[in-house]
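Chemist: Predicted model follows, preceded by the sequence.
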Amino acid sequence: MSDADHVTDTPEARAAAVRALEAEFGELITHFRRVITENANRVSPGLLPGAYKIFTTIARCERVTVSTLSERMLMDKGQVSRTVRELEDLGLIGRSPDPSDGRSFLLQLTPQGEERLAAARLPQEGRLLRTLEDWSLTDIGSLTRLLHALASGVTPGANADD
């Protein structure tokens, strides 16, 4: 048992615990900003982190419209469209007609984009694997479950499917 297991759950103790968590998130965000900037530069020197985020979101969605992308990222459609053109000009993404809406296009990574993304992510993936090397699969799964619960705004364990 850790010292945290012996702390009485008072409003003050809970506030202190949340402040400590917030501080750790601040450090994590700084780390991820650095990683995203480094990855963006590996994909294409001078690529801005925001463009990299759009690029990786397209990769995650596999095929997505500009409208859906802007909604998902909570960004202005015009800004997303400009970035999409930049990514197309770099040969990282392509577009094809949307079979469900003849007026729009589906965006997807090109083979070159897939190769560059994989190469850009490789150093961090290796670092994360090395960092978690001595963690049990149970601990990795617990962290994943807890982060998902936090991001979703649900109480961990409240749903038997979690």
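Modeler: Yep, it's here. Numbering: from 1, shown residues only.
Chemist: CA only for contacts and neighbour counts going forward, please
Modeler: OK.
Chemist: which residues in this protein form helices?
Modeler: With DSSP state H as the criterion, the chain has helices at 11-43, 49-61, 66-73, 77-89, 111-131, 137-152.
Chemist: which one of these is the most hemmed in?
Modeler: Stretch with highest mean neighbour count among these: helix 49-61 (a mean of 18; mean count of other C-alpha atoms under 10 Å).
Chemist: what's near enough to touch residue 155?
Modeler: Contact analysis of residue 155 by C-alpha atoms under 8 Å, 6 or more residues apart in numbering lists residue 149.
Chemist: ok, now how distant is it from residue 17?
Modeler: Per C-alpha to C-alpha, to the nearest Å, residue 155 is found 16 Å from residue 17.
Chemist: again, but for residue 138
Modeler: Using C-alpha to C-alpha, residue 138 is found at 23 Å from residue 17.
Chemist: where in the protein is pLDDT low?
Modeler: For the chain, residues meeting the criterion pLDDT under 70 lie at 1-5, 159-162.
Chemist: The nearest residue to residue 97 once chain neighbours are set aside and residue 98, how far apart?
Modeler: Closest residue in space to residue 97, ignoring its immediate chain neighbours: residue 105 at 4.5 Å, by C-alpha to C-alpha, 6 or more residues apart in numbering. Counting by C-alpha to C-alpha, the separation of residue 105 from residue 98 is 5 Å.
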